[in-house]
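Trainee: Test case, fold it:
(chains A, B and C)
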Amino acid sequence: MADSTVPPTRDELDLRAYEGRLSRPIREKAAELQEGTRLRHVIFAGQFWPALLEDLAETADQIRVMSQSRPGQDFLRDLLANRRVMLYFTQPSTRTFLSFTAACQILGMVCNEVRDASTSSEAKGETRFDSIRMFSSYFDLIIMRSPLARLAESCAYLMNDLEQSGQRSVPIVNAGSGADEHPTQALLDVYTLQRTFQFENPKDSPVGRLDELRTVHGYTELTTGLAGKTYCFCGDIGRGRTVRSLAMLLAEYPGVRLVFVTPDHEKLRMRDDLRQRLANKGVPVVEVDSLEAPIDGVPTIEAIDALYMTRVQKEHDTAEDAESLARLDLTPYKLTPALVRRMRAYAPILHPFPRDQHFGEIPAEIDADPRAMYFRQARNGMWVRAALLAHLMDADGSIDRYFHRKFRERHEYSS
Amino acid sequence: MADSTVPPTRDELDLRAYEGRLSRPIREKAAELQEGTRLRHVIFAGQFWPALLEDLAETADQIRVMSQSRPGQDFLRDLLANRRVMLYFTQPSTRTFLSFTAACQILGMVCNEVRDASTSSEAKGETRFDSIRMFSSYFDLIIMRSPLARLAESCAYLMNDLEQSGQRSVPIVNAGSGADEHPTQALLDVYTLQRTFQFENPKDSPVGRLDELRTVHGYTELTTGLAGKTYCFCGDIGRGRTVRSLAMLLAEYPGVRLVFVTPDHEKLRMRDDLRQRLANKGVPVVEVDSLEAPIDGVPTIEAIDALYMTRVQKEHDTAEDAESLARLDLTPYKLTPALVRRMRAYAPILHPFPRDQHFGEIPAEIDADPRAMYFRQARNGMWVRAALLAHLMDADGSIDRYFHRKFRERHEYSS
Amino acid sequence: MADSTVPPTRDELDLRAYEGRLSRPIREKAAELQEGTRLRHVIFAGQFWPALLEDLAETADQIRVMSQSRPGQDFLRDLLANRRVMLYFTQPSTRTFLSFTAACQILGMVCNEVRDASTSSEAKGETRFDSIRMFSSYFDLIIMRSPLARLAESCAYLMNDLEQSGQRSVPIVNAGSGADEHPTQALLDVYTLQRTFQFENPKDSPVGRLDELRTVHGYTELTTGLAGKTYCFCGDIGRGRTVRSLAMLLAEYPGVRLVFVTPDHEKLRMRDDLRQRLANKGVPVVEVDSLEAPIDGVPTIEAIDALYMTRVQKEHDTAEDAESLARLDLTPYKLTPALVRRMRAYAPILHPFPRDQHFGEIPAEIDADPRAMYFRQARNGMWVRAALLAHLMDADGSIDRYFHRKFRERHEYSS
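Mentor: The predicted structure is shown next:
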């Protein structure tokens, strides 16, 4: 018998069943994943728009302020204490896992986990979709990370179908699917930039407030916010899904320019689809092979408003890749204290972490520089994920009311 | 030196120490495992009797109603918030594990787990019983699943002995031991049947209430409850411990008839001991090899009040089994939409899950049928396990009082 | 190129960076790890002093009394409910892990865990110190166990440096590092001795109160407390880090004598450094090879106030060790009922557990003897770890106030 006569597994059939929906334009898909202006599921970075990003940042700011006092902490921990979460992480990830866990715990949600596909019933022939329905029977929210592209998206459609037929349905959050999407990483990158470019909190903008930067430091045209700035991505552009997602989100802001610094190697340089999508948005894009390459007549390192460093993701190398990469000089894609000294005084350095101690894209000497935002960025991730979960579970309004009530009270007391 | 001179390990001695108690008749053993009408430990399905099953179902119903409101959820989560649970699962099981975890969390109990025997101190020569005493030092309840038959039962006796000598002792719940017993699976199967045969809730009895079924649908002799009905088990009867346990529980209800549909293969057909035990109970048993086989002159599929499908548990096949099973035609043990159409309108389809997508004992097309109860069954498992834990921890009375107080209040407000 | 030109990894550089601090005298190091009389980090047993050990025992006693009532439990569970803990256990340990987990849960802290270094970002080239900073971003306390000696200590210095530069810093608790230190095990051993030598609670001192022991049993010179007693350690002295730590703590008490019963084998007998440290303290030390060896003209087993049995840690044997150990007669290092009968009536038998059923250093027949304190010791560990965590998080004062308020209230009600 030929292979073509082997009947497809139900897993294959299930994925095929969603094929039509998976291949729709992003706008249509995004519409199915939200209700009004509230997200039902978080699947790809393209679901976020600037106004929503501002709302999430505001909620995150409120949560972090409230978390500084015991009454605020207690209020938050009670908020979703009646909700149980499943973290279904079949692709290993300590950092993202712990960040989501902490975010859930801030809001009082009880966390449960399945981290190894082989321990689940899938070994007994269960389809992934039966597993997901099991999780949705016991838990109120599923946060999932999978090596399989589009699994999270398909699960969101399954949940929508269940809801339509009057059955139990819970929100799905994509915490990384294949090489595809990692929307909440993009969210925390944006949140870190939002906080830095408020030029208010000395921990986020260590050099000074906007007026100081304009007068003392001479950045006379500097403005607050993400719009009108030049963002530089350096290193492994091709395989960095966080780069892809963040670039697309920044493209939503007016006046933004994106610079990609990467060697001319097919695995590391920007992929055609991202280049095309950015072109469709009409965003100015610059591709160079060194932080010294001039843009506007100034070396890149001196011209940019923010620098996003990345790790070369060797774990995805084929033998061929490893060989061709070994012939490249990757020194220009490592940051040095000398380079940092030439950066704009306020320009934050980000990195999605982990960084690679052996490659050394960011040496430890730089950690003490006030522009080094990468550790703070990790903690930002916890806050903004908590904000996202509060949004998904419709609890952001309660946070806002509590925040303003307490704020007003304090104001009354002090006045 | 001959093997007979090798001194036995303490593990072996410990198990021998319980040998006398393990081999007692079930009635005697059950007596040791309860105090009055309250269970101290849950070890085998034979500990349940119809009145207790009714009580547990009532508690489960109360818990699910209370879980629909935030005050009810808060009441439940506070109930056993002072209790810590150990889930000691050295036999992998995602589904049972998560169901118990969710049940604990509904009642506010904090869950802890040990899932891999090799990470425990047993690798350093610790006996299983020392491990269990360690767990009982730190936790207030032990839920255990083990590949070793009768380990849970032995642990229950250890706890009873400790209690007698004035030492710390905690309840043991058997969440599956070897090929032996899985009492809480039987409990959730019964609970699903109890809810369906109430003919009240449209989600549990989608076709209609009892009077409609009797008049419109023509099931003139239909009654509520589990008594007087014909239950059909299909597939892998021999190796399905859930089938064994459920069959024995149903045998406690008057007027019940049990039909087993299975190929004549020594691993799949009913085992002699179950046949004997059912005969001792005086329950009418029918063994056939097809859902088309006539009973009372009607094909089985049309004559039954409930259908319990099972997965063929290939993971237990020897090479010989695999070969002989491959020669069998197992098509008759797969449900099809055409078969489902011929079932009684109210007859629920159950399955202990996971189902096997490769074998296909229940194809996905059937999921939308109102008689398909297997997803609901999973959620029922969570509720009835919560009820069981409340019973064990002596908290069911508090639930009942809260439920009736709130119910009366609501009644007063509305009147 | 020669090896000397290979640049060191950042992990190596980080460890080198702490080298100077790691090699300081213990007194200097201890000073850096505390603030006033409160510990900031718990790294080695040498940080404890008798007055602190008394305070911790008192807090532990208060916690266990409070845990007997629901209001007390609720008070404790609320105390640190706003704190999230990371248990970073890259060296397997079920017992210590669960004991800490239960201790955290008593105080309401939410536990999180990373147990397998390979699942963390370290596989992607992250330094251990970046991992620890990540944990400190998300959590409020890090309890760590590592095969790497001095890692916990280095992490404590990292946290101190972060605090100095105004960055987020959390306490580090060493739950076992290499063959080096296991300070909380020593703490629970001391606590068990403290409770036993109070001669008050019949569960801790089963034979009787002090006056009975002095008059009826004829131990006329017996006093309460740890001072002035003879402690015997038996078995694997060389590789038992709990023996090392406990011996050093007991050496702080006046009038203490230490007896080590171990075969003359280089891996099992006392190491030179411990012998030297005890000599520096001026503690009388007796090294013998049998529990029958006379001290003060009486066989050891009859002369001692407490017996600390140990497991022979075969898992650390080299092939050579295994061979040379096989030639030894280790029978004298196993306790027997006959030996126990000859012990002083009040002398507790301790064991850090797990015990080895194959070696049999404590056979099960001894478990029922009132002097067998090893199961109680495990539960003591949970209470005293809770006390230690309360101390670290500055919550012991609240416990003390609640305890005395309730105690007074009860007194008022009853008077």
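
Trainee: Break chain A into its domains for me.
Mentor: Domain assignment of chain A by automatic domain parsing yields the ranges A:11-181+A:382-393, A:205-372.

Trainee: how far does the last one stretch from start to finish?
Mentor: It refers to domain A:205-372. Distance across domain A:205-372, first residue to last, is 10 Å (C-alpha to C-alpha, to the nearest Å).

Trainee: is that domain up against chain C anywhere?
Mentor: Yes: under the criterion of C-beta under 8 Å from any C-beta of the partner chain, chain C is reached by domain A:205-372 at A:311, A:315, A:353-360, A:363-364, A:368. For every residue, glycine as well, the C-beta is placed using N, CA and C.

Trainee: sorry, back to before: pick the most buried one from the domains of chain A.
Mentor: Among the domains of chain A, ranked by average contacts under mean count of other C-beta atoms under 10 Å in any protein chain shown, first place goes to domain A:11-181+A:382-393 (a mean of 20).

Trainee: Any part of that one near chain B?
Mentor: Yes: counting by C-beta under 8 Å from any C-beta, chain B has neighbours in domain A:11-181+A:382-393: A:11, A:13-14, A:81-82, A:84, A:86, A:110, A:112, A:114, A:119-122, A:124-127, A:130-131, A:133-135, A:137-139, A:165, A:167-168.

Trainee: Would you mind measuring the gap between the ends of that domain?
Mentor: Taking C-alpha to C-alpha as the measure, domain A:11-181+A:382-393 stretches 29 Å from start to finish.

Trainee: close to chain C, is it?
Mentor: Yes: using C-beta under 8 Å from any C-beta, domain A:11-181+A:382-393 reaches chain C at A:70, A:73-74, A:77, A:92, A:94-95, A:98-99, A:101-102, A:105, A:115, A:382.

Trainee: Looking at these, spot the one nearest B:Asp61.
Mentor: Nearest to B:Asp61 out of the residues of domain A:11-181+A:382-393 next to chain C is A:Arg77 (C-beta to C-beta; 29.8 Å).

Trainee: ok, and the closest non-adjacent residue to the closest one?
Mentor: A:Gly108 (4.0 Å; C-beta to C-beta, 6 or more residues apart in numbering or on different chains).

Trainee: and the gap between A:Pro50 and A:Leu350?
Mentor: Distance, A:Pro50 to A:Leu350, by C-beta to C-beta, to the nearest Å: 19 Å.

Trainee: what ranges do the strands span in the stretch 151-300 of chain A?
Mentor: Taking DSSP state E, counting those that start in this stretch as the test, the strands found in the stretch 151-300 of chain A are A:172-177, A:230-234, A:257-261, A:285-288, A:294-295, A:298-299.

Trainee: Rebuild those as JSON lines, extending it with distance to A:Leu33.
Mentor: Listed next are those as JSON lines, based on distance: least, C-beta to C-beta, whole Å:
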{"stretch": "strand A:172-177", "distance to A:Leu33": "9"}
{"stretch": "strand A:230-234", "distance to A:Leu33": "26"}
{"stretch": "strand A:257-261", "distance to A:Leu33": "26"}
{"stretch": "strand A:285-288", "distance to A:Leu33": "28"}
{"stretch": "strand A:294-295", "distance to A:Leu33": "37"}
{"stretch": "strand A:298-299", "distance to A:Leu33": "42"}
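
Trainee: Take these and write them to a markdown table, including mean pLDDT.
Mentor: Listed next are those as a markdown table, based on pLDDT from 0 to 100:
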| stretch | mean pLDDT |
| --- | --- |
| strand A:172-177 | 94 |
| strand A:230-234 | 98 |
| strand A:257-261 | 98 |
| strand A:285-288 | 97 |
| strand A:294-295 | 96 |
| strand A:298-299 | 97 |
